[in-house]
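1. Prediction below, plus the sequence it came from.
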Amino acid sequence: MIIDAHAHLWKKQAGIVDGKPVYDIGGGRSDFGGEIKQMMPPYMTDGENNIERFIVNMDYACVSGAVITQEYIDGNQDDYLKECKKIYKNRIKICSLYEEKEMGDITDFDGIKICAGRLKDKNLLNHIEPFKLANDNGKFISIDLADGNEQTDMMQEIIKRFPDLRIAIGHFGMVTRENWLSQIELAKNKNVFIESGGITWLFNEEFYPYPSGVDAINQAADLVGFDKLMWGSDYPRTMTAITYKMSFDFVLKTDKISDENKNKFLGENAVKFYGFNDLTIPAKIKNMVE
């Protein structure tokens, strides 16, 4: 069973980067703070990164469930994600976006997303509310930290305050940046896990099958164990370079990771961490080139 611990959805992109707007301009492209970026595959011509497209991608790749996180560059998608959850409640977990202001009702959400590296005030100790709110309501935290060890000491202090809070650290600790292992080491705490959303982006120059990415996964496992690592795709942005299946296929096909550890990394750990229930494995459909 395969679980995607880091994916994005939006009905309409209306985000911010460095105080500048991010919005769709057609053909899967976005104006990214004044720079044109291919934000999605070009066939997503209407600018919608919707749940229906994602589910068929999951079905084709035989992915059973997914965690929908958020990002400031897409704009707050809380309302849309709640609509998605009503339709696909067994297959997705959804995060409410923290935006450096008091949060509303999070009853309908499974977790809270903190874009820590993009906070105006990067001192996490000044942002205790979302951690306390998640802790008090049995939710999880999905957090993307600033590069390296800039925020790891603050994160460690928060973990001490909320030892029972489930925390998933994204982008595999910003693996290609200096001091990335300082983020991985946080998973030595009992309820802190690492997810690999964005790892194919970070190793994009090397490209598929990402041998250095595989080495990094093993290096992290040597530090905290495979029981603490989870796969994530960073859909749909990474799909501008590869297919959805390729975002985990490089792990399936490597001989440097045992089958037991592949199972943990690709799904078993996420099922336990996020609390997925009643999932099935989509049937494999033979494609035209097979």
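-> That came in fine, so what should we check first? Numbers count the residues shown, from 1 in each chain.
2. hey, where'd the strands end up in the stretch 51-200 of the chain?
-> Under the criterion DSSP state E, counting those that start in this stretch, strands of the stretch 51-200 of the chain are mapped to 65-68, 92-97, 111-114, 140-143, 166-169, 192-195.
3. Which residue ranges of the chain form helices?
-> Secondary structure of the chain (DSSP state H): helices at 51-61, 78-87, 128-136, 152-161, 181-184, 199-202, 211-224, 246-253, 259-263, 269-274.
4. Specify the stretch among those helices that is closest to residue 192.
-> Closest of the helices of the chain to residue 192 is helix 152-161, at 6.2 Å (criterion: C-beta to C-beta). Where C-beta positions appear, they are placed from N, C-alpha and C, glycine not excepted.
5. so what secondary structure elements neighbour the closest one?
-> Using 3 or more C-beta pairs under 8 Å, 6 or more residues apart in numbering; DSSP states H and E as the contact test, the elements touching helix 152-161 are helix 128-136.
6. Who are the packing partners of the helix it packs on?
-> The helices and strands touching helix 128-136, judged by 3+ C-beta pairs under 8 Å, 6+ apart, are strand 111-114, strand 140-143, helix 152-161.
7. Dump these to a markdown table, plus mean neighbour count and distance to residue 45.
-> Formatted as a markdown table, the helices and strands packed on helix 128-136 follow (neighbours: other C-beta atoms under 10 Å; distance: least, C-beta to C-beta, whole Å):
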| stretch | mean neighbour count | distance to residue 45 |
| --- | --- | --- |
| strand 111-114 | 26 | 27 |
| strand 140-143 | 27 | 29 |
| helix 152-161 | 16 | 40 |
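8. for the ones you listed, which one sits closest to residue 129?
-> strand 111-114 (9.6 Å).
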